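Visitor: Quick one, what's the 3D model for this:
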Amino acid sequence: MAEATAALPPRLLRTPEAARFLGLSGRTLEKHRTYGTGPTYMKIGGRVVYSVGDLQTWAARGVKSSTADPGVDVVHPARRVTDDRSFAER
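Guide: Below you'll find the predicted structure:
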């Protein structure tokens, strides 16, 4: 059985499914896409799709072991990222 699933291509999720997978609203995921702060995506025809691996990779950027842990990377909120001020200053 494992051999049969190994041959399958990675599953692609549309925006509502991807948002549920991440625990976000579809609108928040759309905002991330607009501002360039979200997971990578593909357009097939006119449809936006996400691979499960890309969603997991993006979410893993925010992994921390404690509140004092600065982490390796940051998952920004769904708004425009500006160079002049960090989100911590707002």
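
Visitor: Which parts of this protein are strands?
Guide: 12-14, 42-44, 47-51 (DSSP state E).

Visitor: what would these look like in TSV with mean pLDDT?
Guide: Formatted as TSV, those follow (pLDDT from 0 to 100):
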stretch	mean pLDDT
strand 12-14	95
strand 42-44	95
strand 47-51	96
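
Visitor: Lowest-scoring secondary structure element of the protein by mean pLDDT?
Guide: Ranked by mean pLDDT, DSSP states H and E, the weakest helix or strand in the chain is helix 2-6, scoring a mean of 60.

Visitor: for the strands of the chain, which one sits closest to Lys31?
Guide: Closest to Lys31 of these is strand 47-51 (CB to CB; 13.0 Å). For glycine as for every other residue, the C-beta is placed from the backbone atoms N, C-alpha and C.

Visitor: Run through who's touching that closest one.
Guide: 10-15, 18, 33, 39-43 (CB atoms under 8 Å, 6 or more residues apart in numbering).

Visitor: Please apply the same query to stretch 30-46.
Guide: Contacts for stretch 30-46 (CB under 8 Å, 6+ apart): 12, 15, 18, 22, 29, 48-51, 54-55, 57-59, 75-81.

Visitor: Could you pick out the buried ones from those?
Guide: 12, 15, 18, 22, 29, 48-51, 54-55, 58, 75-76, 78 (16 or more other CB atoms under 10 Å).

Visitor: Okay, the spatially closest residue to Ala78 that is not a sequence neighbour and Val72: tell me how far apart.
Guide: Leaving out its chain neighbours, the residue that sits closest to Ala78 by CB to CB, 6 or more residues apart in numbering is Lys31, at 3.8 Å. Separation of Lys31 from Val72 (CB to CB, to the nearest Å): 24 Å.

Visitor: Could you do Pro39 as well?
Guide: Applying CB to CB to Pro39 and Val72 gives a distance of 16 Å.
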